[in-house]
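# Fold the following for me, if possible:
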Amino acid sequence: MTAPIRILIVEDHPIVAEGLRLTLSRAEDLDVVGTARGVADARVIASDVRPDVVLLDYHLPDGTGADAARAIRETAPDAVLLMLSADASDDAMLAAIEAGVSGYVVKSEAVAGIAESVRRAAAGEMLIPPTALTALLARLQQRRQQEARRAALRERLTPRETEVLERMAHALDNQAISDQLGISVATVRVHVQNVIEKLGAHSRLEAVILAQEHHLLSR
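Numbers count the residues shown, from 1 in each chain. Below you'll find the predicted structure:
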């Protein structure tokens, strides 16, 4: 006989966790081997019980299901991660996918079919609502493009230009920047102009706005 699929449930609501456990335990080919209530618990328990499939809620007391997924991957790398959440937002789904989950099932749509979802995930099937997949892939591509542009902009700026940019963001004039960095006003002007050009801006203000948009500022 094939060994039952070993399942770890990560859910902070005891009633929901118990309901899932009872539902899954009715199937002979499924075995709930543990429950966890948060990220820290999930990491430890996953290491101990070595589940085949982990059912994860997205909103947990000490983090998100994405945080838990990353933690579990470190201690039980062979486990299949399946997000089961009431949060159907694109942001939650995207974070979960980037954390390495194999599927995202919305609770309101999954109660009756949760056992089958576990089986399909264990078999290697990707479970994502079809209507959401196209939008998620587009957002993922857009985010990666933004990250690539951000990295490219950071590489263009020298450490000194970055220091000048930080002070520009605090509305310091050239003299104040000169005093803080211990360089001449003329040198500050050169750095400011370089920052504006490298960011593709037309003014100090636009350069600061672009830096904020691309998360180039440390604070």
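
# what's next to stretch 148-159, contact-wise?
With C-beta atoms under 8 Å, 6 or more residues apart in numbering as the test, stretch 148-159 has contacts from 162, 165, 194-195, 198-199, 214-216. For glycine as for every other residue, the C-beta is placed from the backbone atoms N, C-alpha and C.

# Selecting buried members of the residues you listed in PyMOL, what would you type?
To isolate the buried ones among the contacts of stretch 148-159 in PyMOL, judged by 16 or more other C-beta atoms under 10 Å, type:
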select buried, resi 162+165+194+195+198+199+214+216
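
# Reformat the contacts of stretch 148-159 as CSV; add secondary structure and pLDDT.
As requested, the contacts of stretch 148-159 are exported to CSV (DSSP: H, G, I helix; E, B strand; the rest coil; pLDDT from 0 to 100):
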residue, secondary structure, pLDDT
T162, helix, 90
L165, helix, 92
N194, helix, 93
V195, helix, 92
K198, helix, 90
L199, coil, 88
H214, coil, 81
H215, coil, 82
L216, coil, 84
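
# Out of the contacts of stretch 148-159, which comes closest to R43?
Nearest to R43 among the contacts of stretch 148-159: H215, at 28.5 Å, using C-beta to C-beta.

# and the gap between that closest one and P77?
Taking C-beta to C-beta, to the nearest Å as the measure, H215 falls 30 Å from P77.

# picking that back up, please identify which of the contacts of stretch 148-159 is nearest to I45.
Taking C-beta to C-beta as the measure, H215 is the one of the contacts of stretch 148-159 closest to I45, at 35.0 Å.

# what's near enough to touch the closest one?
Contacts for H215 were tallied using C-beta under 8 Å, 6+ apart; they are R150.

# ok, and the nearest residue to N194 once chain neighbours are set aside, which helix or strand is that part of?
Counting by C-beta to C-beta, 6 or more residues apart in numbering, E161 is the residue found nearest to N194 once chain neighbours are left out, at 5.6 Å. Using DSSP states H and E, E161 falls within helix 159-169.

# following that helix, which helix or strand shows up next?
Next in sequence after helix 159-169, counting helices and strands by DSSP H and E, comes helix 174-181.

# and that next one, what other elements does it pack with?
With contacts defined as 3 or more C-beta pairs under 8 Å, 6 or more residues apart in numbering; DSSP states H and E, the packing partners of helix 174-181 are helix 159-169, helix 185-198.

# let's go with 6 Å and repeat that
In terms of contacts (3 or more C-beta pairs under 6 Å, 6 or more residues apart in numbering; DSSP states H and E), helix 174-181 is packed against helix 185-198.

# List the buried residues of the helix it packs on.
188, 191-192, 194-196, 198.

# likewise stretch 45-61?
Result for stretch 45-61 [16+ other C-beta under 10 Å]: buried residues 45-46, 49, 51-58, 60.
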